[in-house]
Structure formats: structure tokens, C-alpha cells
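J.: Fold the following for me, if possible:
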Amino acid sequence: EHHAQQTVLVLSLLHAISLPMLLWGKFGTGMALTVYALVFAALQFKRQNVVLSVFVLLCNVIVLYCGFSFYTDLSPTMRQSLLLINELTWISSAYLLHKARWQSEKITDAINLMIGWSALTFGMVLAISSVRLLLLMNVNVYSKYWYFVAILLPVAVLAKRLHWQQGVQAAMIGALAWVIYVISPNTLWKQDHWFSGSLQMMAATGLVVYALRVLRHQAWHGLGLGALLLAWSIWFTDLGYAFFPDTVWAQLMCLFVPMLAWWAIYQTRNSDYVQQYQTVYWQIASPILAAYALCWVLLTNWQTPQPSGLPYVPLLNPLELASAAVVWQLVRWLGAWLPEKPWDSDLVRMAKAVPFALAWLVITAAVMRLWHIYGDVNWRLGDLLASLGLQASLSIVWALTAIALMVRGNQRQQRPLWLVGASLMGVVVAKLFFVELGNSGSVARIVSFIVVGLLLLLVGWFAPAPPKHIDDVNDES
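T.: Down below sits the predicted model:
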């Protein structure tokens, strides 16, 4: 009996959707099928009926397949207006399918979920397209991207008020698509309309943040955070190379967004929001941002020095200040991030040594950059290492750095810090014998030997090694 009723219902619905095709023309048929889809979705809202849900899909497919020919006889403005009405009706049908009362609050029926998502996807995409075409003749090519707001904002607000998770998800995905649209490769856009583009990026970001206040799953926060960080990084990088080509400022623009996000996550790591989504923000995003900043320091200090338009002052130029900021932030971040990891003690010590190694590389690159700019030494590794003045400067600077570490370790009674400085001093002594000693008779060799020898005497007198506490060793064991 049930199968017979379903068969009769199917035949009746087929007859109902065929009547407009027989009685009316293209215009009437398109509007009737759109109304049918909404009515069928409303009829199954209180009581499950698979046939009605499937016919919602069927009506939408027919309108989608033939819709562009239904309104060909109308003016372009009227045609797009009617298509927009159809598409908004599809979005309404999607809501009725997803929020049907006979379903569980947390679990949506698979058929309704699939058909609802198809109606929602096509409805939003085509509605955005219709708004774009309606506004195309009235705005310039760059301002027209604001048509995303006309659909995404109302959908996001209504979906939040109606507790419609799928609607919020669709609005967030649309906002991310808007961001991708804005950052698409277009040099003219970046140079001539960067302010409008930046405003649109901020508006899309605001929509994503608004949606994430409703979407509680970690995966959505990971998607939103990753997409926004990538988009803003690309945007600032493009702006940097559009306005400051071949300068250090373009390099700094590449670091700005990841560094700012890394610092913000570190500063708010104990907040309720970050703690709620700790896996996304603290455990995954922060190490990725740290790795990016570290790679940026390595790459920019390896590349040929770029001008900044300012007089070059050692340690006080934009590149070296930014590199120092990365090293300092890395020290702070590791101090908070490593204790939470169940890592072996040797691995933890290796991780803690990374900032010291990075600082050593930054200092070495700074000395090389100084000789490249003021000493006219070519920025090639072979030419730099062949410079006797550069070699002597490296020995002195490394020795001063080692002394600073050893004195600091002695003052704070931190034996590991003192040992790092002593190791660096050992490298300096080895370098003196194997590098400078081969250049016998040079003034640079003599100066470096004298300075390093005096520094060794001073550190041996004023900063001896801190005692090795037996109790601490036992605790570590």
C-alpha cells in the first residue's frame, strides 16, 4: 500500500510540473517550477517525504538547465532580476530541507542534506552572478567586486539567527572565494585600486570571523585561519613588489602578516578563545608561522642586499631589525611552546639551540653585508670569504658575541648559556689558527689575534664558568 501511494504521488507530481509547460510559455514555466520547488520543500518540512525532496531537486535541475532560455525574450535587466528571484527561492528551499522539523537538531537526513546543498550552492553562486550583471553597467570594473556583500552578508546574518549551520558554512566559503577573487593576479588592481581592494579584503575577513563565531568545529577554524593568512600574505607581498620593487621594504611586506599573526597568537595563547581552539591556533598554526619566519630570515640574509632608500647603519637597518625581532620572538615562543611537548631532552636542547644558531647566522650576514656595502666586496660567498678584512671582522664580532653570552651566563648562573658562548669562542680560536694563520704577515691577522687574545683573558677573569650543581643534574636524571 505504501509503494502504491508513493507511485501515485510521483505520477501526480510529474503531471503537476508538466502542466506549466503545456499551458504557459517560457516565462510562466520558469516561474512555476521555481514556486513548485519551494512548495515541495515546505510540504516536507513537518513530515518526511523522500519523493517531495527529490522533486525539489528535479524542479531546480529543469530551471537550471533551461533557465537561461526561459527569459530570453525579456530585457537584460528584467531577465537578471527574475533569475535572481529564482536563485533566492532555491536558497529558501535549501533552508527548508536542512531545517525540516522531523530531523534531529544535530543530524540532517542524507538525502535532504545533499539536495539542500545542491540548491544552496547553485542558488548562491548564480545569485552572486546575477547581482554582478545587474551592477555591471553602473560601477567600474574594480568596485563591482562588492556584489559579494549583497548575497553573502544577508545569508550569513539570517543563517546565524535561524541556527542554520549549512547557511553559515556557505557564507564563509563564499567569503573565502571573494578573497581569492580579490587577490587574483592583476598588477593594475594592486597599484591603482589597492585601497578598495584592501577594504574588500577586510570586509571578507569580517564575514569569515562572523561565521566562525557560529561554527565551532576545529576544521572550520583551521580552514578560515589558513585561507585568511595565505590570502593576506599574498596581498601584502603583491603590494610590496608593486609599490617597492627591488627594495628591502618588499621583503619586509612578505614577513608582515605571518609575523603579526605569530605574535598575536603568542600574546593571546592563554585567552579563552585560543584555549578553546588550541589545536588549530597554538599547536598547528604557531609552529607553521614560526617556520615561515625562520625561512624568511635565512632567505633574505642569503640574498643580495636590497636598498631601503635610507643610509645603511649596521644593526639599525630595516632588515637586521626585522631579523632580530624574529630571533627574539622565536626565543619567547619556544619558551612557551616546548614545555608542552613530550619530547626527549636531547630534542628539546636541539630546539632551544635554534635561536642561537639563527642569531649567529644573522650576525655573520650583517658583517658580510657591511663589507659588501662599504668595502665593495662582491656578494658572492667565494669573494666574501677571500676578504682578509671580513675574516678579521668575523673573528672579532664572533668573539664579542661569545663574551656577551659567557658574561650573561655567569651573571645568571646559567651554565648552558655560558657553554654556548664558550663553544662559539672555540670556533673563533679554531678559525684563527686554520684561516687567519694562513695569511701570515697581514695586518688583519695580527689585529684579530690581539683582540681575541685580550677578550679571552678578560672573560677568563671576569666570567668564569658557573658551577655545575649536582642537585640539578640529579633532578634532570
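
J.: rest of the way, CA atoms for contacts and neighbours
T.: Noted.

J.: model confidence over the longest helix along the chain, on average?
T.: When the chain is parsed with DSSP state H, its longest helix is helix 345-374. Helix 345-374 carries an average pLDDT of 89.

J.: average model confidence for the helix or strand following it?
T.: Sequence-wise, the next helix or strand downstream of helix 345-374 (DSSP states H and E) is helix 381-385. Across helix 381-385, the average pLDDT comes to 88.

J.: chain center to whichever helix or strand comes after helix 381-385, what's the gap?
T.: Downstream of helix 381-385, the next assigned helix or strand under DSSP H and E is helix 388-411. Centroid separation for helix 388-411 versus its chain: 38 Å, with C-alpha atoms, centre = their mean, to the nearest Å.

J.: buried ones in helix 388-411?
T.: 388-410 (16 or more other C-alpha atoms under 10 Å).

J.: relative orientation of the longest helix of the chain and helix 388-411 in degrees?
T.: 140 degrees (axes from the mean of the first three to the mean of the last three C-alpha atoms, to 10 degrees).

J.: How far off centre is helix 345-374?
T.: Its chain's C-alpha centre and that of helix 345-374 lie 27 Å apart, by C-alpha atoms, centre = their mean.

J.: cool, stretch 244-254 as well?
T.: Stretch 244-254 sits 19 Å away from the centroid of its parent chain (C-alpha atoms, centre = their mean).

J.: what comes up buried for it?
T.: Under the neighbour-count criterion of 16+ other C-alpha under 10 Å, stretch 244-254 has 247-254 buried.

J.: And stretch 48-64, by the same measure?
T.: With burial defined by 16+ other C-alpha under 10 Å, the residues of stretch 48-64 counted as buried are 48, 52-60, 63-64.

J.: what is the rounded mean pLDDT of that stretch?
T.: Mean predicted confidence for stretch 48-64 is 85.

J.: Run through who's touching that stretch.
T.: Contact with stretch 48-64 is made by 6, 9-10, 13, 17, 30, 33-34, 36-38, 40-41, 43-44, 90, 93, 97, 102, 111-112, 115, 119, as judged by C-alpha atoms under 8 Å, 6 or more residues apart in numbering.

J.: Tell me where the protein is predicted with low confidence.
T.: Applying pLDDT under 70 to the chain picks out residues 1-3, 25-27, 67-74, 105, 136-145, 185-192, 436-449, 452-453, 455-477.

J.: what's the next secondary structure element after the helix or strand containing Q275?
T.: Assigned by DSSP H and E, Q275 belongs to helix 272-276. As assigned by DSSP H and E, the chain's next helix or strand after helix 272-276 is helix 278.

J.: How far off centre is that following helix?
T.: The answer for helix 278 is 16 Å, by C-alpha atoms, centre = their mean.

J.: ditto for stretch 313-332
T.: On C-alpha atoms, centre = their mean, the centre of stretch 313-332 falls 22 Å from that of its chain.

J.: Would you mark the buried spots in it?
T.: Neighbour-count burial for stretch 313-332 flags 315, 318-320, 322-324, 326-327, 329-331 (criterion: 16+ other C-alpha under 10 Å).

J.: follow-up on the earlier one: report the buried residues of the helix holding Q275.
T.: Here helix 272-276 shows V274 as buried, counting by 16+ other C-alpha under 10 Å.
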